[in-house]
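Engineer: Just the structure for this:
(one chain, ligands or ions: 2)
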Amino acid sequence: MHEPLSEEIEVSRRILEANEQSAQRNRALFARHKVFMVNLMGSPGAGKTSLLEKTIPALQDMRVAVIEGDIEGKQDKERVEAAGAVSAVQINTYGACHLLAHQAEHAVEKLDLSAVDLLFVENVGNLVCPAEFDLGESARVMVLGVTEGADKPLKYPLMFRKSEALLLNKMDLVDLCGCDIGVLKENALRVNPDIKIIELSCRTGEGIKDWVKWLRGKMKEIQSA
Ligand code: MG
Ligand code: ZN
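Structural biologist: Numbers count the residues shown, from 1 in each chain. Ligands and ions are numbered 1, 2, ... in the order given. Next comes the predicted model:
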């Protein structure tokens, strides 16, 4: 690693600026169609797709669509379709480790937004840069497996800082993996005192109700604003 040169800073400033413009277009489009969009982030294997598989059937009264971001493959698209998503679009980044707003914008073109109430964008599995790129979302939510360790908020603070909710998944394994849940929460609240922490397990289904309740409340809050 080296200190960034001024040209490098200029290039990344322009990338972020262009991204912000696409994000604003997405935001306006979602507002026009009254679509609530969740940017779902977290490491590979944290349980983002498993969360969607539990969440979609719990929202029978809503039309839920999903945009799946992955480096390769369409396994997750197939899983959310099987779980009852009204439509799903796969983005393959072929190497890029996060989604850009214009990729979401192109994926959205393939959806009929007038037939969608809630849109999840499952970001590329990565605890680092997805947090830097606004996609035009209504809310950012991150999933962290308790198996990933209690120190993660301190080592990767940006995503914890930028998320409104932290879903602690794999609670069924918490005793087995020796994660100190008290320390984990303390660390998360240290980097983001406002973050809503919800413990759950996509395997057993415990806590899914709490997450769905939080999500419904958030949707109401934004839609009545
Ligand atoms: Mg996935
Ligand atoms: Zn990246």
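
Engineer: all contacts plus neighbour counts: C-alpha atoms, from now on.
Structural biologist: Noted.

Engineer: Tell me which stretches of this structure form helices.
Structural biologist: Applying DSSP state H to the chain gives helices spanning 6-32, 48-55, 75-82, 101-108, 152-155, 157-162, 174-177, 181-191, 208-223.

Engineer: helices and strands around the longest one, which ones?
Structural biologist: Think helix 6-32. Helices and strands touching helix 6-32, as assessed by 3 or more Cα pairs under 8 Å, 6 or more residues apart in numbering; DSSP states H and E, comprise helix 101-108.

Engineer: Please list the residues outside the helix it packs on that contact it.
Structural biologist: Around helix 101-108, the neighbours that count as contacts under Cα atoms under 8 Å, 6 or more residues apart in numbering are 19-20, 22-23, 26, 67, 89-91, 121, 133-136.

Engineer: Could you export those as a markdown table, including neighbour count?
Structural biologist: Converted to a markdown table, the contacts of helix 101-108 look like this (neighbours: other Cα atoms under 10 Å):
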| residue | neighbour count |
| --- | --- |
| Asn19 | 19 |
| Glu20 | 19 |
| Ser22 | 20 |
| Ala23 | 22 |
| Asn26 | 23 |
| Ile67 | 24 |
| Val89 | 22 |
| Gln90 | 20 |
| Ile91 | 23 |
| Val121 | 24 |
| Phe133 | 16 |
| Asp134 | 21 |
| Leu135 | 30 |
| Gly136 | 26 |
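
Engineer: Tell me the one of the residues you listed nearest Gly47?
Structural biologist: Of all the contacts of helix 101-108, Gly47 sits closest to Val121, with 14.0 Å by Cα to Cα.

Engineer: so that closest one makes contact with Phe36?
Structural biologist: No - Val121 is beyond contact range of Phe36, at 10.8 Å (criterion: Cα atoms under 8 Å).
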